[in-house]
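# Show me how the following folds:
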Amino acid sequence: MKPLLALSLRWVSRDGKLIILSRGVSTFARGSIAILLALYLDKLGFSLVQIGMFLSAGVAGSAFFAFIVSLIAEKVGRRRLLVTLSLMSAASGLVLIFIADFLPLIFFAFLGNIPGAGGGAVGPVQPLEQASLPDTAPPEKRTDLFAIYRIVAVGGMALGALAAGLPTLLQDTFGMSEIYAYKAMFVGFAFFLLVGALLYSLLSSAVEVGGSEQRWVNPFRLPSRRLIFTLTGLFSLDHFAGSLFMQTLAAYWFHTRFGMELESLAVVFFFAHLLAAISLWVAAKLANRIGLINTMVFTHIPSSLFLIAAAFAPAAWIAVVFWQLRAFLSMMDVPTRDSYTMSVVQPNERVAMAGIHIVGRSISGTVGPSVSTALWYALSASVPLVACAVLKIIYDLSLYFMFRNVKPPQES
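Predicted coordinates for the structure are as follows:
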């Protein structure tokens, strides 16, 4: 019963609940199009390499706006930026309905950081959320708070993945053409991001840094700058590895290798996200026993081994089993990483820590989809999976040996 009581969120302030709810709504929106995005672009006539460029543009937009956020958040205001960035993504999603030319598609993918990833749905709003959350709950509950934040996010992605099967239903029920059924999903994407923007607008002034501290931030002059940039470098390697086989490409891989259709893919990724959501709460409890860094590393390495196994699976059902096993373990480092990074820096450094982290991850991830699709085209569809797993293991070992003795306050 204890986990259920914790999930009641009685110990989280109103602002914390609004942030968590908005995160769930926005990840639902992003999850609903992440699976079908590559299939949609394929049906518009774009090549595999062009699909990779489109996904890279979305990641590049996330990096650019996350960098801007890290500089101006405390001056402009967190709440204002959360609303503005959500509206930009919603508008870009709507515009994609009406254009089919490659260069405009690239531009709006950049402007709205249109997603191709699953899981945490990294974007420029995330550093603002992460910096605001720690003050909405007691310090000793911080890892639990970030676990719940991520559980809601992944739960939203899971339901969004299930909703990705709606185009087939729309075609069968209303006689829509396949392309228009896909476009209807972009309308839903925009609507839910508008709901997210509304929720952000209800946040109180407590999410902002005090008036005397509102200023432009130079990350290169912060007291914790060495720690911030070292962690960012490691997390960037991790994200580059992950971007080699992001969710959109994974769905496309299952489709092209095993012939799985959209409705089957929706079910597969729904259960993958569901398992990931369960694992996030397990990660929080495990971290309280063995420590944040140990949890991040010792759950992540097995997930990479399962990904390698999936790459060489001879049948679809075997690949799906390995994918689900990977899903259960692959995100257990996420709430622990959130808690760790927000704990080892000062409160006025949190937006910079989260923002630079997202910038580094996004910059490294910008080239990932293009590299992945090029390797796929030139060599084999299995190469990006193996490369992703090997690089992630290198990241895990590096993180452990560099930071196993750097303890956050709650562990000291």
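# and stretch 231-251, average pLDDT?
For stretch 231-251, mean pLDDT rounds to 86.
# The chain should start at 35 in everything you say after this.
That works, and once the first residue is 35, the last one we named lands at stretch 265-285.
# List the buried residues for that stretch?
For stretch 265-285, the neighbour count (16 or more other Cβ atoms under 10 Å) marks 265-266, 268-285 as buried. Heads up, the C-betas are built off the backbone N, CA and C, glycines and all.
# Same question for stretch 310-321.
So stretch 310-321, judged by 16+ other Cβ under 10 Å, has buried residues A310, A311, S313, L314, W315, V316, A317, A318, L320, A321.
# Give me the subset of the buried residues of stretch 265-285 lying in helices.
265-266, 268-277, 281-285 (DSSP state H).
# distance from the centroid: which residue in this protein tops it?
Going by Cα atoms, centre = their mean, the residue of the chain most distant from its centre is G209, 33.9 Å out.
# and it, what pLDDT?
Predicted confidence (pLDDT) for G209: 85.
# Dihedrals phi and psi, it?
Here is the backbone geometry of G209 (degrees, to the nearest 10): phi 70, psi 20.
# G325 now?
According to degrees, to the nearest 10, G325 has phi 100, psi 160.
# Quick check: closest non-adjacent residue to it.
Leaving aside its sequence neighbours, G325 sits nearest to E445 (Cβ to Cβ, 6 or more residues apart in numbering; 5.8 Å).
# quick one: the one you found from H391, how far?
Remark: distance between E445 and H391 (Cβ to Cβ, to the nearest Å) = 20 Å.
# So those two - more neighbours on which side?
The residue with more neighbours, out of E445 and H391, is H391; 27 against 14, by other Cβ atoms under 10 Å.
# List the contacts of the more buried one.
P161, I262, L265, T266, F269, T375 (Cβ atoms under 8 Å, 6 or more residues apart in numbering).
# Mind doing that once more with 7 Å?
L265, T266, F269, T375 (Cβ atoms under 7 Å, 6 or more residues apart in numbering).
# Any figure for the gap between the last one and S238?
Taking Cβ to Cβ as the measure, T375 and S238 are separated by 24 Å.
# quick one on the thing from earlier: SS state for the residue nearest to G325?
For E445, the assignment made with DSSP: H, G, I helix; E, B strand; the rest coil gives coil.
# Redo the buried residues of stretch 310-321 as CSV? Include distance to L128 and secondary structure.
Listed next are the buried residues of stretch 310-321 as CSV, based on distance: Cβ to Cβ, whole Å; DSSP: H, G, I helix; E, B strand; the rest coil:
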residue, distance to L128, secondary structure
A310, 29, helix
A311, 29, helix
S313, 34, helix
L314, 32, helix
W315, 35, helix
V316, 38, helix
A317, 36, helix
A318, 37, helix
L320, 42, helix
A321, 40, helix
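# Out of those residues, the closest to A347 would be?
A310 (19.7 Å; Cβ to Cβ).
# pretty sure the closest one is in contact with M365, am I right?
Yes - assessed by Cβ atoms under 7 Å, A310 is found in contact with M365 at 4.5 Å.
# Tell me how many other residues crowd S396.
With other Cβ under 10 Å as criterion, S396 counts 26.
# contacting residues for it?
V93, S96, A97, A100, V156.
# go on, G65?
By Cβ under 7 Å, 6+ apart, the neighbours of G65 are G152, G190, M191, G194, A195.
# Need the worst-confidence member of those.
G152 (43).
# Distance check, the closest residue to L265 other than its chain neighbours against E295.
Once flanking residues are discounted, L265 sits nearest to T375: 6.4 Å by Cβ to Cβ, 6+ apart. Using Cβ to Cβ, T375 is found at 40 Å from E295.
# which one of the two has more residues nearby?
Ranked by neighbour count (other Cβ under 10 Å), T375 and E295 place T375 first, with 22 against 12.
# and that one, what helix or strand is that in?
T375 belongs to helix 367-377 when assigned by DSSP states H and E.
# ok now that helix, how far from the chain's centre?
Relative to the centre of its chain, helix 367-377 is centred 14 Å away, using Cα atoms, centre = their mean, to the nearest Å.
# now do stretch 401-408
Distance, centroid of stretch 401-408 to centroid of chain: 18 Å (Cα atoms, centre = their mean).
# next helix or strand past the worst-scoring helix or strand of the chain on mean pLDDT?
Ranked by mean pLDDT, DSSP states H and E, the helix or strand of the chain with the weakest confidence is helix 36-40, at a mean of 43. Downstream of helix 36-40, the next assigned helix or strand under DSSP H and E is helix 48-68.
# Pull out the buried positions in that next one.
49-50, 52-68.
# Just the CA atoms of that helix, as CSV, please.
Once non-C-alpha atoms are left out, helix 48-68 reads as follows in CSV (Å, rounded to 0.1, in the frame of the first residue of the first chain):
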residue,chain,number,x,y,z
ARG,A,48,-0.1,22.4,-6.6
ASP,A,49,2.6,23.6,-9.0
GLY,A,50,4.3,20.2,-8.9
LYS,A,51,1.0,18.5,-9.8
LEU,A,52,0.4,20.9,-12.7
ILE,A,53,3.8,20.3,-14.1
ILE,A,54,3.4,16.5,-13.8
LEU,A,55,-0.1,16.6,-15.4
SER,A,56,1.1,18.8,-18.3
ARG,A,57,4.1,16.5,-18.9
GLY,A,58,1.6,13.5,-19.2
VAL,A,59,-0.6,15.4,-21.6
SER,A,60,2.3,16.6,-23.8
THR,A,61,4.0,13.2,-23.9
PHE,A,62,0.7,11.6,-24.9
ALA,A,63,0.6,14.0,-27.8
ARG,A,64,4.1,13.2,-28.8
GLY,A,65,3.8,9.5,-28.3
SER,A,66,0.7,9.5,-30.6
ILE,A,67,2.8,10.5,-33.6
ALA,A,68,6.2,9.2,-32.8
